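Undergrad: please work out how this folds:
(one chain, ligands or ions: 2)
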Amino acid sequence: MRLETLATLLSVCSLAACGTTPKEEDPDWWKHATFYQIYPRSFQDSTNDGIGDLQGIIDKIDLFPDAGVDAVWLSPIFDSPQVDQGYDISNYTDIDSDYGTIEDLQKLVEEANARGVKVILDFVPNHTSDKHQWFIDSVNGVEEYRDYYIWANAKTGDDGERLPPNNWISMFKNSAWTWNEERQQYYLHQFASAQPDLNYRNPKVVEAMKDVLRFWLDRGIDGFRIDAVPYLFEDPDLQDEPLSNSTGYNSTDYEYLDHIYTKDLYDTFDMIYQWRQVVDDYTKENGGSTRVLMTEAYTDADKIMLYYGTADGSRLGAHFTFNFNLITDININSTAEDIASSINKWLDGIPEIYTSNWVLGNHDNHRVATRLGPGNIDGLNMVKALLPGVAVTYNGEEIGQEDGEVSYEEGQDPSARDPAIFDQVSRDFERTPYQWDESVNAGFNTGAKPWLPVSEKYLETNLQDEKESNGSSHYKVYQALAKIRSDPILVSGDVEVKAVDEYTLLVKRSNEEASLVVVFNVGDAEVTVDVSADVAEDNSVKIASVDSSREAGSVVDPASLKLDAHEALVIAS
Ligand code: GLC
Ligand code: CA
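TA: Ligands and ions are numbered 1, 2, ... in the order given. Next comes the predicted model:
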């Protein structure tokens with residue numbers, strides 16, 4: 001253990017008098033936590049080679065307690081040829097040299113834990129890299145690995161030509177099958193051809209992947225974000241999928257088909273329930289706090305709930321499945337009613353036994369400040385912080401970072417390697433380096449060309465300015481929100497979400513004693529609203545958006561509340 005860490009622990013212990021028995025952790029710690037997604041490649045480059053790394057995260061570790069987050073989730077840092085930026089893994093139990101070593105990760109866990117912050121890793125179970133030894137052995141017909149992947153014979157076309165086994169299409173466009181010369185068969189890949197799908201109907205694969213979870217649990221990891229879960233299982237008979245009849249797509253587009261044989265199959269839910277068992281058993285056997293599973297599934301509401309578990313709770317899956325509704329339902333033209341109904345749809349749909357969660361962005365979607373307008377960032381962060389359950393932040397949201405500017409030539413995303421679709425589908429824009437300060441490359445490193453360009457906006461938007469500004473800043477608003485999240489009203493109070501006029505959204509949390517209300521004008525024009533039904537005369541502004549004329553402590557007239565364009569307030573009464 002490093003000396004500083006020991007010192008921190010000792011000082012914590014002397015305060016809390018923990019010396020003898022360690023303080024029992026709250027098993028529900030995650031239910032009202034803020035999870036912060038770090039995209040390691042773009043976070044902090046300590047070696048100045050253009051790629052962010054684990055030491056970089058350690059160097060910036062104080063950001064997490066300072067911002068008030070409870071846990072960080074790291075996008076994949078494992079051995080990878082980086083075809084899909086680490087979502088193509090060639091060894092699940094080692095760290096890619098781009099990012100550092102296992103020792104670096106252990107140091108990161110130690111430093112984070114010493115500051116009360118937990119570390120979650122990305123688990124990518126659907127596919128490996130085509131450079132994984134399992135795949136190489138499978139290609140070569142090594143008995144143990146022969147059926148680790150989904151292999152199928154070619155079909156023969158009318159003119160004797162070789163055709164894929166069926167019509168399935170990859171998420172990244174074109175056939176989901178790639179011919180392999182050595183094995184003289186096709187293999188399935190629901191994503192890039194360099195990401196062959198594992199065969200979950202093979203019990204050896206199931207066991208090997210459970211071992212991956214245990215490997216990282218043994219190294220002090222507090223949970224996993226599970227990647228792309230809907231695609232784990234496919235129809236064993238490889239039946240053709242029917243056409244979706246969605247307009248505007250051609251036969252090479254994923255949307256062209258209705259994915260009844262490749263997405264959300266029953267066995268997939270069961271696999272998540274088995275993984276839950278693995279982490280719960282681990283906690284039972286080893287003690288410590290609850291290890292958390294969060295699943296990524298862009299799918300229908302009923303399926304999202306099934307990834308949580310069965311409605312009666314007899315089988316549990318993920319602790320939470322990301323709620324992407326505020327990404328998929330809302331755009332820059334949305335009214336307050338659109339936003340309220342998106343939120344209420346979620347709240348009405350979730351069984352009482354499960355915990356809600358709120359996501360505004362991630363490495364696969366345009367940044368929220370760009371999608372919904374930079375002026376709305378504080379209001380959106382307020383809404384996210386006040387809604388019940390888990391809040392998820394994508395790195396940069398706390399400072400209102402917008403998408404970067406990336407040309408086709410600079411782009412890296414394998415799903416967009418075609419100039420005709422680049423602007424529309426590339427995920428490079430939301431992956432540009434974190435904006436730390438005004439120095440070279442926004443403080444991402446000390447001058448080497450970053451793997452994606454730094455956004456030109458870094459002089460206007462960066463952490464250091466926002467921390468040091470005399471006035472308000474997005475970061476200060478974010479910090480203030482983190483502080484009030486432990487208020488009992490927000491932990492367990494009632495929730496009500498509604499539009500009070502076309503562009504004014506109201507989120508109310510209350511218990512018998514008091515209430516906290518967000519009033520948020522998402523629109524471009526000043527409004528005057530009557531919120532006297534929800535805000536008392538005797539009130540006090542707790543937090544105001546950066547351009548607001550109000551300050552903490554000021555009192556508003558609830559019967560005639562004037563809000564500037566994009567102004568948002570958290571009001572206590
Ligand atoms: C998930 C990841 C995405 C990746 C895909 C394939 O959707 O978030 O970045 O491309 O899975 O692994
Ligand atoms: Ca699969």
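Undergrad: right, is the helix ranked longest in the chain up against ligand 2?
TA: The longest helix of the chain (DSSP state H) is helix 266-286. No: Helix 266-286 is not in contact with ligand 2 by Cβ under 5 Å from the ion; minimum separation 8.4 Å. Yep, even glycine has a C-beta here, placed from its N, CA and C like the rest.
Undergrad: ok, and what's touching that helix?
TA: By Cβ atoms under 8 Å, 6 or more residues apart in numbering, the list of residues contacting helix 266-286 from outside reads 200-201, 206, 210, 213-214, 217, 223-224, 226, 229-233, 289-293, 295, 306-307, 309, 315-318.
Undergrad: filter those residues to the buried ones?
TA: 200, 206, 210, 213, 217, 223-224, 226, 229-233, 289-293, 295, 306-307, 309, 316-318 (16 or more other Cβ atoms under 10 Å).
Undergrad: so of these, which ones are in helices?
TA: Per DSSP H, the subset of these in helices is 206, 210, 213, 217, 306-307.
Undergrad: just flag the most distant two among those residues.
TA: 217 and 306 (24.7 Å; Cβ to Cβ).
Undergrad: start and end of stretch 329-337, how far apart?
TA: One end of stretch 329-337 to the other measures 12 Å (Cα to Cα, to the nearest Å).
Undergrad: list the buried ones in that stretch?
TA: 330, 334-336.
Undergrad: contacts for it?
TA: Residues outside stretch 329-337 that contact it (Cβ under 8 Å, 6+ apart): 338-339, 342, 345, 371-373, 499-505, 520, 522-523.
Undergrad: please compute how far it lies from its chain's middle.
TA: Centre-to-centre, stretch 329-337 and its host chain are 21 Å apart (Cα atoms, centre = their mean, to the nearest Å).
Undergrad: so what pLDDT did residue 526 get?
TA: Residue 526 carries a pLDDT value of 98.
Undergrad: how about it, what does it touch?
TA: Neighbour list for residue 526: 562-565 [criterion: Cβ under 8 Å, 6+ apart].
Undergrad: select from these every entry located in strands.
TA: 562-563 (DSSP state E).
Undergrad: hmm, stretch 200-207 touching ligand 2?
TA: No: using Cβ under 5 Å from the ion, stretch 200-207 stays clear of ligand 2, coming no nearer than 6.9 Å.
Undergrad: among the contacts of helix 266-286, which lie within strands?
TA: 223-224, 226, 292-293, 295.
Undergrad: turn the residues you listed into TSV, columns for pLDDT and distance to residue 457.
TA: TSV is the format used below for those (pLDDT from 0 to 100; distance: Cβ to Cβ, whole Å):
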residue	pLDDT	distance to residue 457
223	98	33
224	98	33
226	98	33
292	98	34
293	98	35
295	98	33
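Undergrad: tell me how the protein divides into domains.
TA: 3-126+206-231+262-479, 133-188, 492-572 (automatic domain parsing).
Undergrad: can you check which of those gets nearest to residue 252?
TA: domain 133-188 (5.1 Å).
Undergrad: start to end distance for the closest one?
TA: 17 Å.
Undergrad: next one: stretch 382-390
TA: 13 Å.
Undergrad: count of neighbours near the closest residue in space to residue 169 that isn't next to it in sequence?
TA: Spatially, and ignoring its direct neighbours in sequence, residue 169 is nearest to residue 254 (5.2 Å; Cβ to Cβ, 6 or more residues apart in numbering). Using other Cβ atoms under 10 Å, residue 254 has 19 neighbouring residues.
Undergrad: could you do residue 463 as well?
TA: Residues near residue 463, counting by other Cβ under 10 Å: 25.
Undergrad: and residue 33, by the same measure?
TA: So residue 33, with other Cβ under 10 Å, has 20 neighbours.
Undergrad: what does the stretch 51-200 of the chain put close to ligand 2?
TA: 126, 197.
Undergrad: find the closest residue to ligand 1 in the stretch 51-200 of the chain.
TA: residue 87 (3.3 Å; Cβ to the nearest ligand atom).
Undergrad: contact partners for that residue?
TA: Residue 87 sits in contact with 76, 80, 122, 124, 191, 195, 227-228, where contact means Cβ under 8 Å, 6+ apart.
Undergrad: so residue 361 sits right up against residue 322, yeah?
TA: No: applying Cβ atoms under 8 Å as the test, residue 361 and residue 322 come out as separate, 11.1 Å apart.
Undergrad: enumerate the residues of the stretch 101-250 of the chain near ligand 1.
TA: 124, 191, 227-228 (Cβ under 6 Å from any ligand atom).
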